[in-house]
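1. just the structure for this:
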Amino acid sequence: MISVLALLILLASYWLIFSNLRAVLRDTYDVAVTAAVKFASPDRALSNLALSALWCLIFWLTFM
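-> Residues are numbered from 1 along each chain as shown. Below you'll find the model as predicted:
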C-alpha cells in the first residue's frame, strides 16, 4: 500500500512539473544566470572559490 501511495505521489509530482515545464525551465534559467553573475563578481571571488572548494571536498569525502 505504501509503495502504491509513493508511486502516486511520484506520478503526481511528475505531472505537475511537466504541465508547467516552460515555467520551470524559465525559472531554472533565471536562477542559473543570476547565480553565474553573482559568482563572477570580483569582490566575492575568493569567498566563492573557497565555498566551491568546500563543497567539492564534502562530496569527495562523501563518496570515499
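
2. now the helices: where do they sit in the protein?
-> 2-19, 21-39, 45-62 (DSSP state H).

3. okay if I get the ones you listed as CSV plus mean neighbour count and mean pLDDT?
-> Every residue, glycine included, has its C-beta placed from N, CA and C. Converted to CSV, the helices of the chain look like this (neighbours: other C-beta atoms under 10 Å; pLDDT from 0 to 100):
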stretch, mean neighbour count, mean pLDDT
helix 2-19, 9, 91
helix 21-39, 10, 89
helix 45-62, 10, 90
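
4. which residue is nearest the middle of the chain?
-> Residue closest to the mean C-alpha point of the chain, counted by C-alpha atoms, centre = their mean, is Thr28 at 8.5 Å.

5. what's the distance between that residue and Leu61?
-> 28 Å (C-beta to C-beta, to the nearest Å).

6. just Pro42 next, same as before
-> For Pro42, the distance to Leu61 - C-beta to C-beta - is 30 Å.

7. repeat for Ala40
-> Taken as C-beta to C-beta, the span from Ala40 to Leu61 is 27 Å.

8. Leu21 now?
-> Leu21 is 35 Å from Leu61, by C-beta to C-beta.

9. any idea how far the residue of the chain most remote from its centre lies from Leu25?
-> Distance from the C-alpha centroid of the chain peaks at Met1, with 30.9 Å (C-alpha atoms, centre = their mean). Separation of Met1 from Leu25 (C-beta to C-beta): 35 Å.

10. please apply the same query to Ser52.
-> Distance from Ser52 to Leu25, by C-beta to C-beta: 25 Å.

11. do the same with Arg44
-> 27 Å.

12. likewise Ala40?
-> The value you get for Ala40 to Leu25, if C-beta to C-beta is used, is 22 Å.

13. what does Val4 give?
-> With C-beta to C-beta as the criterion, Val4 and Leu25 are 31 Å apart.

14. same check on Trp15?
-> Distance from Trp15 to Leu25, by C-beta to C-beta: 16 Å.

15. list the residues that contact Arg44.
-> Lys38 (C-beta atoms under 8 Å, 6 or more residues apart in numbering).

16. now do the one 4 residues further on
-> Listed by C-beta under 8 Å, 6+ apart, the contact partners of Asn48 are Phe39.
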